[in-house]
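[1] Would you be able to build a 3D model of this:
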Amino acid sequence: MVEEKNDRINKDTILRPVQQNRPALSWDLKIKKKLNTVPSSLGKFRPFVGRCCHQCTPDSLCKKPGKISFLGFHNLLNVNETHTRYRGWLVRRVCCLLFVSGCKVYASPVSNRLERVCQSSSVKEGLTAEPQAPEGGDSQEKLNRLSPYLPLIKTCISSGLLRFIGWVMLKMFASVFWSIEVNLNHLLALHRASQEGAPLVYVYVRQSIIDCALIPLVLFCHNLRVPYTVCPYQITSSFLRSVLQRVGVVLLPPSALTEQDAEMDSLYSSVMTSLVCELLHEGQAISVGVSVKSGQGGQWLSCIRQLIKKESVPDVSLVPVGISYDYMPKTNIQVGYTSVLQWLWSLLWRIPRGSVRIHLAQPFSLKEMCESGRCRVDEWLPLQDLLLPVILKIRPNSVFGQRGMSWLLPSSHYGSELIQERDLSIAIILHLIFSATSCMAVMSTSLVSSLLLHKHHKGVNASVLCRDVAWLTEELLLRNKDVGFGGTLVDMVHYTLSLLAPHIVIAAVPSGKDPFIIPCPGLAARLHLNLQAQIVTHTFILEAVGACAVSAMLCEVAISGISSRVRMDVDGEEVRGDMEFDVVLCQNELTERALQLCHLLPPGFVPPCQSSQSFALDAIDSLVRCGILIMEEIPKDVPICDFWKKEGPLTWFTSDDPYLSDSDCEEQDLHSYKVSQPSHCPEMLFFLCSMLAGHLRTLCWTITGLDHMDTPLPVSEFVAQIHSHLCDTANKKKQHYESCSEEAAHTAVRTLIDLGVLSEEPQEEGVFLGLSALFQFSENRQKLHYFISQYIYN
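    Sure thing, here's the model as predicted:
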């Protein structure tokens with residue numbers, strides 16, 4: 001799990017500048033000496049993240065060399081005279097200019113690209129498919145119709161301008177961040193992959209407009225080929241567009257306000273398909289960002305797969321990129337010339353905050369993944385086929401299968417191809433989303449935000465927070481998750497709280513030695529903490545799913561009132577009194593609950609190459625490994641909770657029941673679990689359950705909001721009303737603001753569409769959403785609400 005030796009872990013961490021210019025807070029942190037260290041394992045070993053999937057791409061995985069020494073991290077912003085060939089007083093003042101002038105820039109020929117694009121079959125088909133397209137037509141007429149896309153086709157990389165932009169970006173980011181750190185071991189693998197001949201395609205999960213700039217900057221500073229970057233944001237300034245198009249940025253056409261508008265233009269898709277093909281033929285690298293919420297950006301990955309299938313391109317090497325921020329600066333998506341100048345001017349007067357950690361995962365062959373047959377999609381089923389019979393109690397158990405997410409790649413992007421081929425492209429998109437998210441480092445703000453949001457939502461003393469930070473760091477490292485911090489525990493917590501200062505309240509105590517830290521109850525603060533904590537939830541997703549399954553079973557037992565040994569008094573989120581879990585839980589029922597819950601998760605949490613059944617089994621096993629569940633033989637005097645055989649009310653019996661036949665004994669599954677009794681177990685169980693409570697609560701509130709909506713409505717208006725309802729519900733309850741983000745509303749609506757609760761009705765004005773005939777009955781909506789709410793522990 002951890003195999004890279006790390007003797008220089010604290011040399012290039014975020015804490016080095018913090019110790020020199022320590023942010024001022026209203027208190028002086030005083031912690032016991034025994035808590036004043038980060039876990040010792042972090043200083044000796046570091047997890048190796050970003051490996052290829054052993055199931056889908058074993059040949060690419062074998063290309064990794066044997067055990068090598070850890071090369072440490074490189075801070076891009078720490079440019080000094082040692083990075084140049086010169087020394088001296090003057091060199092120290094112009095070292096950044098000398099550094100960028102010495103970086104290697106690869107040629108980008110565009111001499112006859114326009115002619116090749118115009119003659120491509122995809123562009124010819126796009127021109128023919130246009131409603132106003134005349135029959136025949138000469139080349140000049142074709143050029144006139146392609147004139148809005150000519151700057152896009154002529155996108156190139158100018159070496160001189162690229163060096164200047166690289167210098168500007170280094171200076172700009174130095175005013176925003178303390179550091180931008182890259183794992184040098186990952187760069188070695190990229191250098192080897194670039195020499196093998198297959199073009200590199202970098203794939204990242206969209207978080208900010210800064211993502212588009214960071215990847216080219218990292219590659220430029222390490223003498224790797226700068227990729228052509230597909231920018232999903234509209235740039236309004238003609239001057240900025242001309243500059244960006246000469247450094248390899250592929251922009252949206254000026255006529256499209258959003259990326260979705262551009263995708264609806266068939267000619268734009270044809271031109272982009274031909275352009276991607278020509279870039280790969282030239283050996284150029286490409287950088288693509290994928291949106292988890294809408295799947296936008298995935299159509300270009302599908303396009304590359306089709307080019308490989310048609311043998312237009314021999315092969316490409318996919319490189320998932322994980323980008324982690326501990327402080328996300330605000331950016332303006334509608335970028336104009338004046339706004340950019342104002343932003344650059346404001347950077348001169350600001351103090352840099354936060355750090356960025358970039359992990360470039362191991363490259364793997366797309367051709368191997370597609371042609372090996374290991375990436376299977378034959379078990380994909382619509383979500384309503386998987387869960388609706390269980391929700392409506394048509395059958396007791398869900399069928400085995402994977403949840404299909406066809407909305408990640410609309411059919412308009414795939415022509416008339418077979419459904420299985422389209423599903424394979426979706427599986428690759430899901431795989432890359434999961435891989436890019438998995439190799440993200442957990443930053444200190446993410447770790448502390450997760451603790452404040454899911455464990456100490458009512459506040460915590462600084463000493464207890466430091467203790468939990470050390471514990472959670474150990475747990476992350478044990479799960480092969482890298483962290484983006486180092487140094488002493490006190491300095492790290494002090495630095496993290498300074499970044500989170502706008503979203504927390506630090507209260508002084510009479511003694512003055514141990515401040516009390518409370519997360520702000522408002523909407524903005526909770527949404528920020530929830531956004532930061534998502535990467536920790538992704539790391540603990542197995543344990544969170546298993547914990548919610550255990551909580552659902554325990555709550556059902558408690559409600560039934562059968563066992564007096566189970567005493568649960570939960571008022572809101574406050575647990576009062578002792579709790580005893582003296583109930584044997586059947587493995588089949590636990591696995592079934594976990595299986596049903598994993599179908600409700602957003603994309604990126606469940607590995608697409610792993611079956612849902614296997615994921616559910618791993619979720620239960622993970623609770624055994626962390627000590628929440630104990631596997632045991634069933635004693636004769638303990639009643640068995642036989643959920644998995646029930647078809648109506650709960651069925652309870654003991655093993656010495658005189659009415660129990662021998663045949664029943666033979667069919668009885670004796671593989672069962674018991675909840676651990678240590679005092680920390682309930683707290684750990686609820687901490688894990690809370691990680692998914694926000695997503696599940698959003699679904700419940702959305703279902704409740706359907707009672708007050710007049711449908712059908714356009715998709716955008718429907719989502720806006722759901723978002724408004726979520727915010728109103730949170731304001732009335734004065735809590736759970738993390739469940740009412742705009743992204744959460746989009747995810748909930750998409751889940752209800754997949755469940756068959758909402759039906760999509762195409763009309764002339766666009767797609768409208770309305771309640772399906774089955775869920776126009778309030779009784780069915782109540783069953784769905786109960787099914788989801790059972791997993792919310794409070």
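[2] so which helix or strand takes in residue 751?
    helix 742-755 (DSSP states H and E).
[3] Domain parsing of the protein, as residue ranges.
    1-46+442-539, 50-371, 541-677, 690-789 (automatic domain parsing).
[4] just to revisit the earlier point, ok, the next helix or strand after the helix holding residue 751: who's next to it in the sheet?
    Counting by DSSP H and E, the element after helix 742-755 in chain order, helix or strand, is strand 758-763. Sheet pairing of strand 758-763 (DSSP bridges) gives strand 766-771 (antiparallel).
[5] which one of the domains of the chain lies closest to residue 400?
    domain 541-677 (5.4 Å; Cβ to Cβ). Just so you know, the C-beta spots here come from the backbone N, C-alpha and C atoms, and that holds for glycine as well.
[6] The closest one - what's its average pLDDT?
    On average, the pLDDT along domain 541-677 is 69.
[7] Okay, now it: how far is its last residue from its first?
    23 Å (Cα to Cα, to the nearest Å).
[8] Which helix or strand in the chain has the lowest average pLDDT?
    Using mean pLDDT, DSSP states H and E, strand 570-571 stands out as the lowest-scoring helix or strand of the chain, at a mean of 35.
[9] Need the three-state assignment for residue 369.
    Three-state call for residue 369 (DSSP: H, G, I helix; E, B strand; the rest coil): helix.
[10] For it, give me its contacts.
    56, 57, 318, 375, 428, 431 (Cβ atoms under 8 Å, 6 or more residues apart in numbering).
[11] Please apply the same query to residue 101.
    residue 163.
[12] Run the chain-centre distance for the helix or strand hosting it.
    Assigned by DSSP H and E, residue 101 belongs to helix 95-102. Put simply, helix 95-102 sits 35 Å off its chain's centre (Cα atoms, centre = their mean, to the nearest Å).
[13] next helix or strand past it?
    Downstream of helix 95-102, the next assigned helix or strand under DSSP H and E is helix 113-118.
[14] Can you pull out the residues in contact with stretch 610-620?
    Contacts for stretch 610-620 (Cβ under 8 Å, 6+ apart): 55, 379, 400-403, 542-543, 545-546, 549, 587, 590-592, 594-595, 598-599, 606-607, 629, 673.
[15] So for that stretch, what gets flagged as buried?
    For stretch 610-620, the neighbour count (16 or more other Cβ atoms under 10 Å) marks 611, 612, 613, 615, 616, 617, 618, 619, 620 as buried.
[16] mind putting the residues you listed in JSON lines, distance to residue 535 included?
    Formatted as JSON lines, those follow (distance: Cβ to Cβ, whole Å):
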{"residue": "611", "distance to residue 535": "25"}
{"residue": "612", "distance to residue 535": "23"}
{"residue": "613", "distance to residue 535": "26"}
{"residue": "615", "distance to residue 535": "19"}
{"residue": "616", "distance to residue 535": "23"}
{"residue": "617", "distance to residue 535": "24"}
{"residue": "618", "distance to residue 535": "20"}
{"residue": "619", "distance to residue 535": "19"}
{"residue": "620", "distance to residue 535": "23"}
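[17] possible to save those residues as a markdown table with distance to residue 755 and secondary structure?
    Converted to a markdown table, the buried residues of stretch 610-620 look like this (distance: Cβ to Cβ, whole Å; DSSP: H, G, I helix; E, B strand; the rest coil):
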| residue | distance to residue 755 | secondary structure |
| --- | --- | --- |
| 611 | 21 | coil |
| 612 | 16 | helix |
| 613 | 20 | helix |
| 615 | 19 | helix |
| 616 | 19 | helix |
| 617 | 24 | helix |
| 618 | 24 | helix |
| 619 | 21 | helix |
| 620 | 24 | helix |
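[18] would residue 55 count as being in a helix?
    No - counting by three-state DSSP, residue 55 is located in no helix; its state is coil.
[19] tell me the contacts of the residue lying closest to it once chain neighbours are set aside?
    Nearest residue to residue 55, sequence neighbours excluded (Cβ to Cβ, 6 or more residues apart in numbering): residue 609, at 5.0 Å. Residues in contact with residue 609 (Cβ under 8 Å, 6+ apart) are 53, 55, 56, 374, 375, 427, 431.
[20] and if you look at residue 603?
    292, 295, 405, 408, 430, 433.
[21] could the residues you listed be laid out in JSON lines, adding pLDDT?
    As requested, the contacts of residue 603 are arranged in JSON lines below (pLDDT from 0 to 100):
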{"residue": "292", "pLDDT": "89"}
{"residue": "295", "pLDDT": "84"}
{"residue": "405", "pLDDT": "87"}
{"residue": "408", "pLDDT": "86"}
{"residue": "430", "pLDDT": "92"}
{"residue": "433", "pLDDT": "94"}
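[22] between those residues, which is nearest residue 516?
    residue 292 (35.7 Å).
[23] who touches that closest one in this structure?
    Residue 292 neighbours (Cβ under 8 Å, 6+ apart): 205, 206, 433, 602, 603, 604.
[24] In a markdown table: these, plus distance to residue 753 and secondary structure.
    A markdown table is the format used below for those (distance: Cβ to Cβ, whole Å; three-state DSSP):
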| residue | distance to residue 753 | secondary structure |
| --- | --- | --- |
| 205 | 22 | strand |
| 206 | 22 | coil |
| 433 | 19 | helix |
| 602 | 13 | coil |
| 603 | 14 | coil |
| 604 | 18 | coil |
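[25] Pull the most distant pair out of those residues.
    The distance between the two most remote of the contacts of residue 292 (Cβ to Cβ) is 14.3 Å, for 206 and 602.
[26] on contacts alone, who are the packing partners of the helix holding residue 751?
    helix 383-391, helix 680-705, helix 715-733, strand 758-763 (3 or more Cβ pairs under 8 Å, 6 or more residues apart in numbering; DSSP states H and E).
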